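Participant: What follows is a predicted structure for the sequence shown.
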Amino acid sequence: MDWTSTNTSNLSDLDPEELYLSLEAMGPGLQNFLVILYSCTALAALCGNGAAIAVLLLGKRRSIRLFLVNLAVSDMTMAVFSIPFTYTDFVLGRWVFLPQFCPVVQFVQHASVTVSVYTLTVVGLDR
């Protein structure tokens, strides 16, 4: 039995709406739950790191402050460039944004992780 001829006839029988829904990785209920969960996670990361930056900039302890501000900014960058794009790709099972934006998101994600790792390394060496 030829796989391509069987699936091609099945796909041509579907209307575009059914085809689009059949390509999704998860059902709408789970998608909505994950969107809400990841949105809350991103919001908590932004608010928490923003509060940490405010406290660090207004605080008295000066020696490690810049390292921790750098770490918080890196975490905020990760929250903005990783969480929304990763969960969208995971939930839908495909990249739905502009194709040119994919390498930008990948670069910012990797740069943010690298900054976090090196900042924590320097903090450890400083202590």
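Facilitator: Arrived safely. Fair warning: this is a prediction, and the values are worked out from it, not measured in the lab. Residues are numbered from 1 along each chain as shown.
Participant: Can you list the helices and strands that the helix or strand harbouring L120 packs against?
Facilitator: Per DSSP states H and E: L120 is located in helix 101-126. With contacts defined as 3 or more Cβ pairs under 8 Å, 6 or more residues apart in numbering; DSSP states H and E, the packing partners of helix 101-126 are helix 65-81. For every residue, glycine as well, the C-beta is placed using N, CA and C.
Participant: Which other helices and strands does the helix it packs on contact?
Facilitator: Applying 3+ Cβ pairs under 8 Å, 6+ apart, one finds that helix 65-81 contacts helix 28-58, helix 101-126.
Participant: quick check: angle from the shortest one to helix 65-81?
Facilitator: Calculated by axes from the mean of the first three to the mean of the last three Cα atoms, to 10 degrees, helix 101-126 forms an angle of 160 degrees with helix 65-81.
Participant: State the mean pLDDT of helix 101-126.
Facilitator: Averaging pLDDT along helix 101-126 yields 92.
Participant: same check, this time on the first one
Facilitator: Helix 28-58 shows a mean pLDDT of 88.
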